[in-house]
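**Student:** Compute the structure for the input listed below.
(2 chains)
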Amino acid sequence: MDSTSTAKTNNIAAGLIKELEQEAAVTRKLLERVPAEKFDWKPHEKSMPMGRLATHVAEMHGWTKPTVDDPELDFAKMDYKPFEPKTTEELVAHLDKNVNEAIEALKNASDEAWFEDWSLRNGEQIYFTIPKIAVMRGMVLNHIVHHRGQLSVYLRLNDIPVPAMYGPSADEGQM
Amino acid sequence: MAIKDGFVKEVEQESVATRKMLERIPAESFDWKPHERSMTMKGLAGLVADMFGWFSFMIDQDELDFAKGYERPDPKTTQDLVNFFDKKLAAGMESLKNADDAVFSETWKLRNGDTIYWEASKLDVVRQTINHMVHHRGQLSVFLRLKDIPVPSIYGPSADEGQM
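**Tutor:** This next block holds a predicted model:
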């Protein structure tokens, strides 16, 4: 019998899942506080409205699966229709759905698969080709944290209490 | 691949957009804040500039104790702020580049005398510090927008720059 083991390790995915769960718990707290009547509010004419920004934070978790499963994302082949929540509950449900899908996708990712190349393109035009781990790390996870940080300012400007995130906020979690 | 390799690459990459933002913050706006409960522009930008320097005490030491004092940045000019960032980044990078895999399993504590706020592996502490920087830099990007300072493209185009 062939004794060569083909079992694949997925230590990288295990770390990413732990981090995603931890960050998503905080993200959920923020989204729960975005009132539907403020979805159209924006702090500046060039800013995203609050509803769009919050939905973007929720939908970005959904980028995990195409990062893990596919070698590229081609805008030319996409039929992107942004989700438009009508209520806070729909917004939070959208996050939950995308987080669950992301975790399921991550469970199937072997350590070696993270070092395969992944491209973002629009037909013939390639924006970048980088290893999948860099896509997941930068374009998905850090990108979510970036926009969630923006959203925390939107909450503050609307006098909505900002939850403690990496440490206490001016509103909650004082040491 | 060593654990530090991924971190070094990521920190180098994230530093580009961070520096670009700091370079655009005029000293006249340092005391401005968008809400009475917000940090000032200087407070937030100084924090963002400081954070990659935290790798030094997170990797080379086993704790940070607030009871022993912590010097907060107090830049007077944009150049001060950028120089401070460059200095902190260089120090943090030095520690990261010298970290072997075993270091990341060690425990690190954030404390104020006898009160322990946070205790985690150095791996988690470094990971969370990068996320933490990205979080506050995201906030800073809104501060820039509100002061009509062009927001650089960060992970993709902003409304001002880097349209695809």
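**Student:** which residues of chain A fall in strands?
**Tutor:** A:72-74, A:117-122, A:125-131 (DSSP state E).
**Student:** before we move on, what about chain B?
**Tutor:** B:63-65, B:107-112, B:115-121.
**Student:** Just tell me which of those ends up closest to residue A:98.
**Tutor:** Among the strands of chain B, strand B:115-121 comes nearest to residue A:98, with 26.7 Å by Cβ to Cβ. Backbone N, C-alpha and C define where each C-beta goes, glycine included.
**Student:** Output the contacting helices and strands for that closest one.
**Tutor:** Other helices and strands packing on strand B:115-121, by 3 or more Cβ pairs under 8 Å, 6 or more residues apart in numbering or on different chains; DSSP states H and E, are strand B:107-112.
**Student:** What is the neighbour count of residue B:48?
**Tutor:** By other Cβ atoms under 10 Å in any protein chain shown, the residues close to residue B:48 number 25.
**Student:** What residues does the residue of chain A found nearest chain B make contact with?
**Tutor:** Going by Cβ to the nearest Cβ, chain B is nearest to residue A:149 of chain A, at 2.6 Å. Counting by Cβ atoms under 8 Å, 6 or more residues apart in numbering or on different chains, residue A:149 makes contact with B:134, B:135, B:136, B:137, B:138, B:139, B:141.
**Student:** Once you drop chain neighbours, what's closest to it?
**Tutor:** residue B:138 (2.6 Å; Cβ to Cβ, 6 or more residues apart in numbering or on different chains).
**Student:** got any ranges where chain A has weak pLDDT?
**Tutor:** Applying pLDDT under 70 to chain A flags the ranges A:1-7.
**Student:** which bits of it sit near chain B?
**Tutor:** Neighbours of chain B within chain A, by Cβ under 8 Å from any Cβ of the partner chain: A:19, A:23, A:43-44, A:46-47, A:122, A:127, A:133-134, A:137-139, A:141-143, A:145-150, A:152-154, A:156-157, A:165-167, A:170-171, A:175.
**Student:** how about 6 Å then?
**Tutor:** A:44, A:46-47, A:139, A:142-143, A:145-146, A:149-150, A:153, A:156-157, A:166, A:170, A:175 (Cβ under 6 Å from any Cβ of the partner chain).
**Student:** tell me the two of those residues that are most distant?
**Tutor:** A:46 and A:175 (36.1 Å).
**Student:** Tell me where the chain has helices.
**Tutor:** Here I'm looking at chain A. Under the criterion DSSP state H, chain A contains helices at A:11-31, A:50-60, A:64-69, A:88-107, A:132-134, A:143-157.
**Student:** ah, no, chain B please
**Tutor:** B:3-23, B:41-51, B:55-60, B:78-97, B:122-146.
**Student:** Need the contact partners of the longest one.
**Tutor:** Helix B:122-146 is touched from outside by A:44, A:47, A:142, A:145-146, A:149-150, A:153, A:166, B:18, B:21, B:34, B:41, B:44, B:47-48, B:51, B:54, B:58, B:103-104, B:106, B:108, B:151, with contacts defined as Cβ atoms under 6 Å, 6 or more residues apart in numbering or on different chains.
**Student:** Tell me, what's the model's pLDDT at residue B:98?
**Tutor:** At residue B:98, the predicted lDDT confidence score is 98.
**Student:** Flag every residue of chain B that's near chain A.
**Tutor:** So chain B meets chain A at B:35, B:37-38, B:117, B:131-132, B:134-135, B:138-139, B:142, B:145-146, B:155, B:159 (Cβ under 6 Å from any Cβ).
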